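1. Next comes the sequence, and after it the predicted model I'd like to discuss.
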Amino acid sequence: MSEQETFAIFVAVMGTLAIAQYFFFERAPVNFKRQWRPWVIVGNAVVFSIFAVVMVPAALWMVVLFVPIICWLQFRSTRICSCGATLYGNGFSPPAFCQKCGAKLTN
């Protein structure tokens, strides 16, 4: 498989994952989001990591180093409110209150 074909498949798969993730975080029920959010984050990281290593084998060290850090930041800074809103922090700290309903958020 050529590099162009691999890149086209990468763009198609990541685009499909982005659309699916949008519907997951915007339309799914609260309990479903809370249950499946870790699996969605890890699944996206695994798919990205596989493509990164296949497309650029020398990028293995970057994938091993940075993908877990990015996943950890995502786990740490995202909260799901009881009203159904998915809230993203600034990357280093989670939001304290819901922007949609004003409720105080907990871990």
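-> That came through fine.
2. Tell me which residues of the helix or strand harbouring residue 63 come out buried.
-> Residue 63 belongs to helix 60-77 when assigned by DSSP states H and E. Neighbour-count burial for helix 60-77, counted by 16 or more other Cβ atoms under 10 Å, picks out 63, 67, 71, 74, 77. C-betas here are computed from N, CA, C, even on glycine.
3. other SSEs contacting that helix?
-> Applying 3 or more Cβ pairs under 8 Å, 6 or more residues apart in numbering; DSSP states H and E, we find helix 60-77 packed against helix 30-55.
4. Now do the helix it packs on against helix 60-77, angle only.
-> Between helix 30-55 and helix 60-77, the angle comes out at 170 degrees (axes from the mean of the first three to the mean of the last three Cα atoms, to 10 degrees).
5. Show me what helix 30-55 is packed up against.
-> Packed next to helix 30-55, using 3+ Cβ pairs under 8 Å, 6+ apart, are helix 3-27, helix 60-77, strand 78-80.
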